[in-house]
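K.L.:
Pasted the sequence and its predicted model underneath.
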Amino acid sequence: MTNNYIAGEWLPVAGAAPNINPSNTNDVVGDYAHASIAETERAIAAAYDAFPAWSRSTIQTRHDILKAIGDEIHARKDELGRLLSREEGKTLPEGIGEVARAGQIFQFFAGECLRMAGEKLPSVRPSVDVEITREPVGVIGLITPWNFPIAIPAWKIAPALAYGNAVVFKPAELVPGSAHALAEIIVRAGAPAGVFNLVMGRGSVVGEAMLSSSKVSAISFTGSVLTGRKIAQTCITSEQMKKLQLEMGGKNPMVVLDDTDLKLAVECAVNSAFFSTGQRCTASSRLIVTDGIHDRFVAAMQKRMQGLVIDSALKAGTHVGPVVDQSQLDQDLKYISIGQAEGAKLVAGGELLKRETPGFYLAPALLTEVSNQMRVAREEIFGPVATVIRAKDYDEALELANDTPFGLSSGICTTSLKYASHFKRNAEAGMVMVNLPTAGVDYHVPFGGRKGSSYGPREQGRYAQEFYTTVKTAYTFDGNGP
Ligand SMILES: NC(=O)C1=CN([C@@H]2O[C@H](COP(=O)(O)OP(=O)(O)OC[C@H]3O[C@@H](n4cnc5c(N)ncnc54)[C@H](OP(=O)(O)O)[C@@H]3O)[C@@H](O)[C@H]2O)C=CC1
Ligand SMILES: O=C(O)CCC(=O)C(=O)O
């Protein structure tokens, strides 16, 4: 059984759960610990005790630890990528790519340790100086989803440690393997006891213990809107007001205009909607296509989708791996039926597939004749299911793109500089992509959305310091006269 890492020790715990390979449900990746409330509280207390010393550690110490973590992840990207793909179901190139990205994130934040800066300003009063500095926040609880088993933990853990915070990390129950491997690397790199704690287990047990603890100053969460709202309700009450960062769902539009390069638009749509099995909060799930190109676009999509290889994540040549588990598969199938019942037409995919090994294989689905008011166009499905919505022109396409409760990523495919520039300025989203998939972001720039997609400061890049630090303004009177 694989243990939790609490207070500087790998601790055996009472409970464990099997980690199943979605490409082959007969393959158990391992049995991973399930922590209790008491064990979670122990991890929180250890982080709380370790915080003062770590917050005063030198930037060189933090840099060296983060760099060692990033370097080891990078050096082992093939092996760790295989583990990730085995437990989550994204293809091997996607798994290896994600691990490489996690390594780069730690290397980036190693550099950020050395780039911490403050400000010195004149005061409005004589002989007074004002200094503005950033300080760590305290113990930060990190709650992560299953769809990016190492990159999302990396982009929360790396800035948390870089800016001097102590961490209690709860990975998603479905993907403990990558989290455990990452924890081993962090420990090996020399993070002092208590500074980093891995507590695997249920959201309803471990997660909730973190939310209600007065020793946890801040929570960074990525996952569903439902859980995000619940977290907000627990963390911001009359009893406690934790600092919060919530990254939740998306219903990301990709606008395709008449003047687009059709081949490019189809590649962007297939990548955004179906790669990583559509299980990305940045996935394009609404393809908003103007009249003049609509039918040609749908036909080209059907043709392109016929060429997609859906198979085991670990098999060479697979383009789309399995859905992560039975419950997500049920959700995908349910939404395909809901769409059809609402009047949408299933023009490609949507059927269950049998492969050499038993797994959750679903042919990516394309629904046409979708209106923006249908449930399939409004609710996050989180699977390889895309909808096509017809628009009469650019203005209507933009209006439809913005008519959603979400606002994470928004894309446009066009050869027109005029429309691309207008879209960049007017898309109501945190990220805008021109002639690119809506998913797949750089690791050194801010990530996050608007409206129902995100709450709190941005993640990633140097903007991450907004969440992982707190600002101090210090005034000094030097005793001299004016
Ligand atoms: N926007 C995004 O990036 C993501 C969106 N989703 C959406 O969420 C749906 C369900 O996926 P799911 O993984 O269940 O998402 P959840 O939001 O339930 O899970 C995300 C994380 O939160 C934890 N969690 C669950 N309940 C609580 C709680 N009460 N208190 C604290 N932490 C909690 C989970 O733990 P545990 O491991 O026990 O579940 C997991 O670590 C998907 O179908 C998709 O629509 C999912 C993943 C990512
Ligand atoms: O698109 C990406 O690169 C990141 C997506 C993501 O963070 C998510 O799906 O949770």
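P.N.:
That came through fine. Ligands and ions are numbered 1, 2, ... in the order given.
K.L.:
how far does stretch 269-284 sit from the chain's center?
P.N.:
13 Å (C-alpha atoms, centre = their mean, to the nearest Å).
K.L.:
and what of stretch 209-220?
P.N.:
In this view, stretch 209-220 has its centroid 20 Å away from the chain centroid, taken as C-alpha atoms, centre = their mean.
K.L.:
Need the contact partners of that stretch.
P.N.:
The contact list for stretch 209-220, computed with C-beta atoms under 8 Å, 6 or more residues apart in numbering, reads 37, 40-41, 44-45, 47-48, 137-143, 156, 160, 165, 168, 170, 231, 234-235, 240, 242-245, 459, 467-468. C-beta: built from backbone N, CA, C; applies to glycine.
K.L.:
how about a cut-off of 7 Å?
P.N.:
37, 40-41, 44-45, 48, 137-143, 156, 168, 170, 231, 234-235, 240, 242-245, 467 (C-beta atoms under 7 Å, 6 or more residues apart in numbering).
K.L.:
Surely Val441 touches Phe447?
P.N.:
Yes: assessed by C-beta atoms under 7 Å, Val441 is found in contact with Phe447 at 5.6 Å.
K.L.:
So the two - more neighbours on which side?
P.N.:
Taking neighbours as other C-beta atoms under 10 Å, Val441 and Phe447 compare with Phe447 leading, 24 against 19.
K.L.:
Name whatever forms a beta bridge with that one.
P.N.:
With DSSP bridges as the criterion, the beta-bridge partners of Phe447 are Glu459.
K.L.:
Verify the stated contact: it with Pro457.
P.N.:
No: here Phe447 does not reach Pro457: they are 10.9 Å apart, not a contact under C-beta under 7 Å.
K.L.:
For the stretch 351-482 of the chain, just list every one of the strands.
P.N.:
Remark: strands assigned in the stretch 351-482 of the chain by DSSP state E, counting those that start in this stretch are 365-370, 385-391, 409-413, 431-434, 454-455, 469-477.
K.L.:
got the contact list for the shortest one?
P.N.:
So that's strand 454-455. Taking C-beta under 7 Å, 6+ apart as the rule, strand 454-455 contacts 232, 244, 246-248, 408, 430, 448.
K.L.:
again, but for the last one
P.N.:
Outside strand 469-477, the residues that touch it by C-beta under 7 Å, 6+ apart are 123, 127-137, 163.
K.L.:
ok, of those residues, which come out buried?
P.N.:
By neighbour count, with 16 or more other C-beta atoms under 10 Å, those hold 134, 136-137, 163 as buried.
K.L.:
Next step: the residues you listed restricted to strands.
P.N.:
Counted as lying in strands by DSSP state E, out of the buried ones among the contacts of strand 469-477, are 134, 136.
K.L.:
export the buried ones among the contacts of strand 469-477 to JSON lines and tack on pLDDT?
P.N.:
Formatted as JSON lines, the buried ones among the contacts of strand 469-477 follow (pLDDT from 0 to 100):
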{"residue": "Arg134", "pLDDT": "98"}
{"residue": "Pro136", "pLDDT": "98"}
{"residue": "Val137", "pLDDT": "98"}
{"residue": "Tyr163", "pLDDT": "98"}
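K.L.:
Just name the closest of the buried ones among the contacts of strand 469-477 to ligand 2, please.
P.N.:
Taking C-beta to the nearest ligand atom as the measure, ligand 2 lies nearest Tyr163 of these, at 20.7 Å.
K.L.:
these two touch, right, that closest one and Phe467?
P.N.:
No: assessed by C-beta under 7 Å, Tyr163 is found out of contact with Phe467, at 9.2 Å.
K.L.:
thinking again about what came up before, which of the contacts of strand 454-455 are close to ligand 1?
P.N.:
Checking these against ligand 1 by C-beta under 6 Å from any ligand atom, the ones in range are Met248.
K.L.:
ok, the contacts of strand 454-455 vs ligand 2, which is closest?
P.N.:
Of all the contacts of strand 454-455, Glu247 has the smallest distance to ligand 2: 6.7 Å, by C-beta to the nearest ligand atom.
K.L.:
dump the residue contacts of the closest one.
P.N.:
Glu247 makes contact with 222, 281, 448, 454, 459 under the criterion C-beta under 7 Å, 6+ apart.
K.L.:
Just the CA atoms of the longest helix along the chain, as PDB, please.
P.N.:
The longest helix of the chain (DSSP state H) is helix 92-114. Provided in PDB are the C-alpha atoms of helix 92-114 (Å, rounded to 0.1, in the frame of the first residue of the first chain):
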ATOM      1  CA  LEU A  92       1.100   8.700 -23.600                       C
ATOM      2  CA  PRO A  93       2.400  11.800 -25.500                       C
ATOM      3  CA  GLU A  94      -0.200  13.900 -23.600                       C
ATOM      4  CA  GLY A  95       0.900  12.300 -20.300                       C
ATOM      5  CA  ILE A  96       4.600  12.800 -21.000                       C
ATOM      6  CA  GLY A  97       3.900  16.400 -22.200                       C
ATOM      7  CA  GLU A  98       2.000  17.100 -19.000                       C
ATOM      8  CA  VAL A  99       4.900  15.800 -16.800                       C
ATOM      9  CA  ALA A 100       7.400  17.900 -18.800                       C
ATOM     10  CA  ARG A 101       5.100  20.900 -18.200                       C
ATOM     11  CA  ALA A 102       5.100  20.200 -14.400                       C
ATOM     12  CA  GLY A 103       8.900  20.100 -14.400                       C
ATOM     13  CA  GLN A 104       9.000  23.500 -16.200                       C
ATOM     14  CA  ILE A 105       6.500  25.000 -13.700                       C
ATOM     15  CA  PHE A 106       8.800  24.100 -10.800                       C
ATOM     16  CA  GLN A 107      11.800  25.400 -12.700                       C
ATOM     17  CA  PHE A 108      10.000  28.600 -13.400                       C
ATOM     18  CA  PHE A 109       9.000  29.200  -9.800                       C
ATOM     19  CA  ALA A 110      12.600  28.400  -8.700                       C
ATOM     20  CA  GLY A 111      13.500  31.500 -10.700                       C
ATOM     21  CA  GLU A 112      10.600  33.400  -9.200                       C
ATOM     22  CA  CYS A 113      12.100  32.900  -5.700                       C
ATOM     23  CA  LEU A 114      15.000  35.000  -6.900                       C
END
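K.L.:
Would you verify that Ala47 is located in a helix?
P.N.:
Yes: judged by DSSP: H, G, I helix; E, B strand; the rest coil, Ala47 forms part of a helix.
K.L.:
who does the closest residue to it other than its chain neighbours bridge with?
P.N.:
In space, and not counting its chain neighbours, Ala47 is closest to Ala166: 3.8 Å by C-beta to C-beta, 6 or more residues apart in numbering. Bridge pairing for Ala166 (DSSP bridges) gives the partners Val139.
K.L.:
What is the neighbour count of Ala166?
P.N.:
Neighbour count of Ala166, defined by other C-beta under 10 Å: 32.
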